[in-house]
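Peer 1: Structure for the following, please:
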Amino acid sequence: MFDNLTNRLSNSFKALQGKNKLSESNIKEAIREVRRALLEADVALEVIKTFLGKVQEKAIGLKVAEGLSPSQAFIKLVESELTQIIGGKNQSLNLKTQPPAVVMLAGLQGAGKTTSIAKLARYLKERENKKVLVVSADVYRPAAIKQLEVLAEQVGVECFPSNTNEKPEKIVAKAKKHAQKQFFDVLLVDTAGRLHVDKKMMDEIQVLQKKVNPIETLFVLDSMTGQDAAHTAKVFADTLPLTGVILTKTDGDARGGAALSVRHITGKPIKFLGIGEKIDALEPFHPDRIVSRLLGMGDVLSLIEEIEQKVGRKKAAKSAKKIVKGQFNLADMREQLLQMQQMGGMEAMMDKIPGIGKIPQSVKNQIMGSVEVKKMVAIIDSMTPKERAHTKLIKGSRKNRIARGSGTLPQDVNKLLKQFDKMQKQMKKMGGGKMQKMMAKMAGMQGGQHMPDLSKFKLPTGGGKFPF
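Peer 2: Purely as a prediction, here's the structure:
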């Protein structure tokens with residue numbers, strides 16, 4: 001997700017590496033590179049201007065904290081301002097109303113509204129323990145109604161029947177009455193895709209919104225369309241009282257222009273990210289975590305939350321401890337490979353691991369495929385417990401034995417060991433002040449009821465350095 005922007009931002013900070021202090025000239029050089037990175041990411045010009053204006057204003061005369069280099073101090077400033085411009089903090093759905101809480105989704109054709117309805121239904125059911133009813137108000141496409149019925153069955157929620165001969169507001173009114181009688185907590189309303197220049201369709205959704213009176217009206221936005229998506233969202237926001245945005249297809253968006261532009265342009269928060277095609281590929285939008293990913297620092301909080309959801313609390317706590325300490329062996333790597341497959345594959349997890357951007361793309365590609373993962377697991381299974389814990393023991397004759405036992409070649413064993421060594425080195429860069437702050441957040445989240453308590457874990461020393 002947003003790989004190109006991450007790489008360009010990392011390169012832009014090199015202008016300050018090796019400098020003893022921040023000066024007006026080297027700050028301008030760094031800002032020029034950041035501007036170029038944002039332009040290439042298709043971020044809206046007004047957003048770039050506002051963001052860099054604040055960075056430049058605060059960077060000149062910035063006092064570099066003890067233990068940080070000028071480069072790290074500048075990165076910290078960029079991190080702070082970027083977080084603010086995309087929303088500051090997570091804003092969850094507001095469902096505090098007499099049930100059912102009605103949530104309506106609007107957007108252009110092909111943005112992913114119907115799929116997002118199903119993903120949101122699953123999220124609310126499994127993460128928020130809500131009883132969810134879905135309904136389609138798209139009377140123009142019978143296929144859309146059928147699609148929602150199929151998806152609802154997949155996620156295990158009820159779908160209220162729709163009729164293409166009825167008006168959208170009548171369908172939703174009936175669904176709302178049914179939801180009240182059957183004690184549903186949330187009613188999710190799918191609407192027809194419409195162009196913002198189609199006055200008739202825009203008038204229709206205005207009427208629907210006023211009659212339904214949803215507590216949340218979310219705009220579904222295709223992130224692949226860049227800053228154009230943000231400007232389209234602005235037109236919808238001027239027509240409808242939007243309460244937030246769901247940004248879809250972010251897993252295929254290497255640029256990130258929409259994610260960085262939409263909040264500033266519309267004034268509406270991004271509430272969820274669609275991160276893949278699978279029905280569970282939806283995650284809450286946390287500005288600070290996204291910025292951390294963009295700057296190559298990973299997203300350990302989201303990583304561990306996801307592990308906890310899909311793997312279990314005991315395994316989550318164990319994985320968290322290994323990740324935080326950066327001290328894991330091949331047995332741990334095997335377990336994590338299997339867990340990551342269970343969680344949607346390694347590709348979905350890669351950008352959440354701190355420092356992973358430094359691993360060459362060729363190496364990432366090699367370890368992402370399911371066939372490759374099975375091969376890696378087979379190789380590790382052919383090792384003794386001692387070999388898994390101490391890879392330096394694995395020399396010539398041992399490599400040959402392991403290759404024979406796993407049905408692979410010695411060069412495959414060599415490749416695995418090199419990949420493990422690179423990942424282990426990156427894990428060791430996760431220590432320091434940055435991670436301490438993450439752990440403090442995690443220990444305090446929700447009173448510690450839904451997160452593993454990591455406050456007792458000692459972190460590896462690293463001088464508080466960023467992974468650049």
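Peer 1: all strands of the protein, in order?
Peer 2: Using DSSP state E, the strands found in the chain span residues 101-107, 132-136, 158-160, 186-190, 216-222, 244-248, 270-274, 282-284.
Peer 1: Now tabulate these in JSON lines and tack on mean pLDDT and mean neighbour count.
Peer 2: In short, each C-beta sits where N, CA and C put it, glycine included. Formatted as JSON lines, these follow (pLDDT from 0 to 100; neighbours: other Cβ atoms under 10 Å):
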{"stretch": "strand 101-107", "mean pLDDT": "91", "mean neighbour count": "24"}
{"stretch": "strand 132-136", "mean pLDDT": "94", "mean neighbour count": "27"}
{"stretch": "strand 158-160", "mean pLDDT": "94", "mean neighbour count": "21"}
{"stretch": "strand 186-190", "mean pLDDT": "95", "mean neighbour count": "27"}
{"stretch": "strand 216-222", "mean pLDDT": "90", "mean neighbour count": "25"}
{"stretch": "strand 244-248", "mean pLDDT": "90", "mean neighbour count": "26"}
{"stretch": "strand 270-274", "mean pLDDT": "91", "mean neighbour count": "24"}
{"stretch": "strand 282-284", "mean pLDDT": "89", "mean neighbour count": "20"}
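Peer 1: Would you mind putting those into TSV with distance to residue 335 alongside?
Peer 2: Formatted as TSV, the strands of the chain follow (distance: least, Cβ to Cβ, whole Å):
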stretch	distance to residue 335
strand 101-107	38
strand 132-136	33
strand 158-160	37
strand 186-190	36
strand 216-222	36
strand 244-248	32
strand 270-274	27
strand 282-284	23
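Peer 1: Which one, of those, ends up nearest to residue 10?
Peer 2: strand 270-274 (21.5 Å; Cβ to Cβ).
Peer 1: helices or strands up against that closest one?
Peer 2: Judged by 3 or more Cβ pairs under 8 Å, 6 or more residues apart in numbering; DSSP states H and E, strand 270-274 is in contact with helix 113-127, strand 244-248, helix 257-266, strand 282-284.
Peer 1: circling back: who wins for proximity to residue 114 among the strands of the chain?
Peer 2: Per Cβ to Cβ, nearest to residue 114 of the strands of the chain: strand 186-190, 5.5 Å.
Peer 1: where's residue 41 relative to residue 226, distance?
Peer 2: 8 Å (Cβ to Cβ, to the nearest Å).
Peer 1: Of the two, give the one with the bigger neighbour count.
Peer 2: Remark: of residue 41 and residue 226, residue 41 carries more neighbours, 26 against 21, as counted by other Cβ atoms under 10 Å.
Peer 1: returning to what we had before: do you know which of the strands of the chain lies nearest residue 24?
Peer 2: When the strands of the chain are compared by Cβ to Cβ, strand 270-274 sits nearest residue 24, at 34.3 Å.
Peer 1: The closest one pairs with which strands, and in what direction?
Peer 2: Strand 270-274 has its sheet partners listed here by DSSP bridges as strand 244-248 (parallel), strand 282-284 (antiparallel).
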